[in-house]
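Engineer: Mind looking at a prediction? Sequence and model below.
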Amino acid sequence: MAVVEESEQELKPQKKKPISEDDKRRNKMPPGSLMKALIRPGAGEKTPTDGDQVIYHCTIRTLDGVIVESTRADFGGNGIPKRQVLGKTKIILGLLEGIPTMLKSEVAMFKVKPELHYGEEDCPVSVADGFPKDAELHFEIELIDFSKVKVITDDLGVLKKVEEEGHGWELPREPYEVKAWISGKSGDGKLIFSHTQGEPFLFTFGKSEIPKGLEMGIGTMSRGEKAVIYVIKEYLTQCPLIPSIEGVAEIHFEVELLHFIQVRDVLGDGRLIKRRLRDGRGEFPMDCPLHDSLLRVHYKGMLLNEEKTVFCDTRIDNSGQPLEFRSGEGLVPEGFEMCTRLMLPGEIAMVTCPPDYAYDKFLRPAEVPQGAYVQWEIELLDYEKQKDWTGFNFREIMDDVEKIKGTGNRLFKEGKYELAKAKYEHVLREFNHVNPQDDDEGKEFADTRNLLHLNVAACLLKMGEYRKSIESCNKVLEANPAHAKGLYRRGMAYMAVGNFEEARADFNKMMSVDKSSESSAKAALLKLKKEEQEIHKRARQQFKGLFDKKPGEISEAGDTDLRDEPPGENPDADAPGESPDADDRDALDGDKEHLLEATAPPCSSIWSRLWPSSRKLFTTLGLDRCTIL
């Protein structure tokens, strides 16, 4: 069977590689239009191919020996050899065909007819006026070197030739701190500067401390890599490394990337900065702690004052015992956890943290003033990944689920809705690999899954993501359309986005399927009615007088700003007969409580609740009779 399949594959027509523009040009070459004479043999056996950078001197003569043009200083040139990339750079046809026949250090003479140099029809390379384009010419070529290069800019202004491979896959980027040996030579080989002795050159990536083209090239290098980076003048920006670049056409930078320190702008606004002081074990980020890992760290907390006042040191204050905490449970300040999640085992990092990610929302040590920036020197000793359920029986799995859900419930009560949602969603993902063995297990499994979806919906409501909350409720109601709690929570989400008819339908259906929920459903309907009345009232104010003017007159809508005007009543007020914590209890206790507070979550804009019921509203106002011309 395999042989038949292989035969069929062989019979399938192979897709032809599209013909390049250079190949089309080659096909037009008439026989005998290019001839080569060897002047000096080259070395080795390899010749240049497409993708290779070729460096060569070129002297062009007429057939009677008159020099027309040359790169050599002896013949009036600037002494800088040409650098071109085969298959990328626009080259005259004679050299495009001739250079790939040469060996390194070879010198050859090519006799080229006009149609193969600048006399070619639609020649892609321009030439100065007065150049003998229509004459047969001799091109003396010395192939100095050729090698594979990495093209960094599309215009070939920055190229990189790897001399020695580095290690690891992490590359420097803004705002990493980089140490390197760097020297620079002009195109003719003259040394411009050298930082290869004493202390390595240290710079911060992205701070314009080195030329733009050089930084682009170093941004493709790994630790320990050695490379030559070719940069033309358009990418030679002025900087501390090279104060003056006047008269320099291009620079060949020889770089050895010794080391770089990972510096991460965690929030992207320069406030939460993690700076690696000592490398850890493994590869970043594959070996960093995952969500729900148990971390063991030593840390020292300091104020950002001149004295660097230490307010906590686990090696002293905690009897030398490290701090242990599980990620994703909100047990340490948010900035602290975000940065430790980016560390490798054994790594030491210095973290500078703003107050809103440090102790403004967390238990603040007495020595830390309110609103103060802090620094933590953190050492991640090691961590343990959360155990998976491989080998667990159903009861063990459900016991573990209760623990995780309990943590999510605590986070919900603390107002950490994003973290709580992550806990519930983690269990839901793992549930994809759980297979109940009998009806009792199946029912418990389904009930727990429904509860988790509704808890996710509760988190999303609190976070203002009402559409996603509706989607979470739908996952429950698609399987059980009579699920009272699912109807209630979806109704609350519908009310929040202004879909009043859908919300009313859910609350009414909730009463019909579960008599015990009647009081909460009625409270929700009362709240819904007040919300509608309030929105209609504001809409009448907004459109008051809009259609009362005669043709040609300007009518202004009401001055009421619907987005900023406070609602008619406190959106967080409790429904009649309910305790202030009813909503939280529902998300936390799940299968024991049926009811939520009968209030719509605060809405970001009145319009998001107005438009879904706009048809009814415009009918009430009499605006449905208007025609848009």
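Structural biologist: Perfect, thanks for sending it. Residues are numbered from 1 along each chain as shown.

Engineer: what separates the residue lying closest to Ile144 once chain neighbours are set aside from Asp145, distance-wise?
Structural biologist: Nearest non-adjacent residue to Ile144, counting by CB to CB, 6 or more residues apart in numbering: Ile55, 4.6 Å away. Backbone N, C-alpha and C define where each C-beta goes, glycine included. Computed as CB to CB, to the nearest Å, the Ile55 to Asp145 distance reads 5 Å.

Engineer: The two - which one has more neighbours?
Structural biologist: Ile55 (19 against 15; other CB atoms under 10 Å).

Engineer: Am I right that the more buried one is in a strand?
Structural biologist: Yes - judged by DSSP: H, G, I helix; E, B strand; the rest coil, Ile55 forms part of a strand.

Engineer: List the contacts of it.
Structural biologist: For Ile55, the contact set (CB atoms under 8 Å, 6 or more residues apart in numbering) comprises 81-83, 143-146.

Engineer: Looking at those residues, which one is closest to Gly119?
Structural biologist: The nearest member of the contacts of Ile55 to Gly119, counting by CB to CB, is Lys82 at 19.7 Å.

Engineer: so that closest one makes contact with Cys58?
Structural biologist: Yes - if you go by CB atoms under 8 Å, Lys82 and Cys58 touch, sitting 6.0 Å apart.

Engineer: Would you map the strands across the stretch 251-400 of the chain?
Structural biologist: Ranges of strands within the stretch 251-400 of the chain are 263-265, 273-278, 294-303, 310-313, 323-326, 348-353, 374-384, based on DSSP state E, counting those that start in this stretch.

Engineer: ok, now which ones touch the spatially most central residue of the chain?
Structural biologist: What sits nearest the mean C-alpha location of the chain, by CA atoms, centre = their mean, is Gly268, with 11.2 Å. Not one residue lies near Gly268 by CB under 8 Å, 6+ apart.

Engineer: what does Ala420 give?
Structural biologist: Ala420 sits next to 408-409, 411-412, 455, 459, 587 when contact means CB under 8 Å, 6+ apart.

Engineer: tell me the secondary structure for it?
Structural biologist: Strictly by three-state DSSP, Ala420 counts as helix.

Engineer: For the remainder of this discussion, apply numbering that starts at 723.
Structural biologist: Will do, 723 is the new start, and the previous item becomes Ala1142.

Engineer: How much space separates it from Gly1052?
Structural biologist: Applying CB to CB, the value for Ala1142 to Gly1052 is 9 Å.

Engineer: Now the common contact residues for these two.
Structural biologist: With CB under 8 Å, 6+ apart as the test, Ala1142 and Gly1052 both reach Leu1133.

Engineer: In this structure Arg794 contacts Ile802, no?
Structural biologist: No - judged on CB under 8 Å, Arg794 makes no contact with Ile802 at a distance of 9.7 Å.

Engineer: before we move on, the earlier item: from the contacts of Ala1142, which is closest to Thr1031?
Structural biologist: Leu1133 (31.6 Å).

Engineer: For the closest one, which non-adjacent residue is spatially closest?
Structural biologist: Ala1142 (3.9 Å).

Engineer: Same question for Lys1083.
Structural biologist: Glu1056 is the one closest to Lys1083 (CB to CB, 6+ apart), at 7.1 Å.

Engineer: close enough to count as contact, that neighbour and Asp1082?
Structural biologist: No - the pair Glu1056 / Asp1082 is not scored as a contact, 9.9 Å apart, by CB under 8 Å.

Engineer: Show me which of the two is the more surrounded one.
Structural biologist: Legend: neighbour count by other CB under 10 Å for Glu1056 and Asp1082, higher for Glu1056 (19 against 14).

Engineer: who touches that one in this structure?
Structural biologist: Contacts of Glu1056 by CB under 8 Å, 6+ apart are 1079, 1083-1084.

Engineer: Quick one, which of the residues you listed are buried?
Structural biologist: Tyr1079 (16 or more other CB atoms under 10 Å).

Engineer: Narrow the contacts of Glu1056 to those in helices?
Structural biologist: With DSSP state H as the criterion, helices contain none of those.

Engineer: from the contacts of Glu1056, which is closest to Lys1231?
Structural biologist: Out of those, the member with the shortest distance to Lys1231 (by CB to CB) is Lys1083, at 39.5 Å.

Engineer: re the thing from before, any chance of the contacts of Ile777 in JSON lines with pLDDT, secondary structure and distance to Met1232 as columns?
Structural biologist: Output for these, formatted as JSON lines (pLDDT from 0 to 100; DSSP: H, G, I helix; E, B strand; the rest coil; distance: CB to CB, whole Å):
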{"residue": "Pro803", "pLDDT": "95", "secondary structure": "coil", "distance to Met1232": "83"}
{"residue": "Lys804", "pLDDT": "96", "secondary structure": "strand", "distance to Met1232": "80"}
{"residue": "Arg805", "pLDDT": "96", "secondary structure": "strand", "distance to Met1232": "76"}
{"residue": "Leu865", "pLDDT": "98", "secondary structure": "strand", "distance to Met1232": "84"}
{"residue": "Ile866", "pLDDT": "97", "secondary structure": "strand", "distance to Met1232": "83"}
{"residue": "Asp867", "pLDDT": "96", "secondary structure": "strand", "distance to Met1232": "80"}
{"residue": "Phe868", "pLDDT": "97", "secondary structure": "strand", "distance to Met1232": "78"}
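
Engineer: Quick one: buried ones out of the residues you listed?
Structural biologist: 803-805, 865, 868.

Engineer: do you know how far the residue of the chain most remote from its centre is from Arg794?
Structural biologist: Among residues of the chain, the one most distant from the C-alpha centroid is Asp786; the distance is 62.4 Å, by CA atoms, centre = their mean. Asp786 is 19 Å from Arg794, where distance means CB to CB.

Engineer: repeat for Leu859
Structural biologist: Relative to Arg794, and taking CB to CB, Leu859 is found at 16 Å.

Engineer: before we move on, what about Met1120?
Structural biologist: Plainly put, Met1120 is 83 Å away from Arg794 if you go by CB to CB.

Engineer: now Lys1197
Structural biologist: 76 Å.

Engineer: host element of the residue nearest to Cys1195 when sequence neighbours are not counted?
Structural biologist: Leaving aside its sequence neighbours, Cys1195 sits nearest to Arg1212 (CB to CB, 6+ apart; 3.7 Å). According to DSSP states H and E, Arg1212 maps onto helix 1206-1219.

Engineer: Does anything pack onto the next helix or strand after that helix? Which helices or strands?
Structural biologist: Where DSSP H and E defines the elements, the next helix or strand beyond helix 1206-1219 is helix 1222-1235. When contacts are defined as 3 or more CB pairs under 8 Å, 6 or more residues apart in numbering; DSSP states H and E, helix 1222-1235 packs onto helix 1206-1219, helix 1240-1265.
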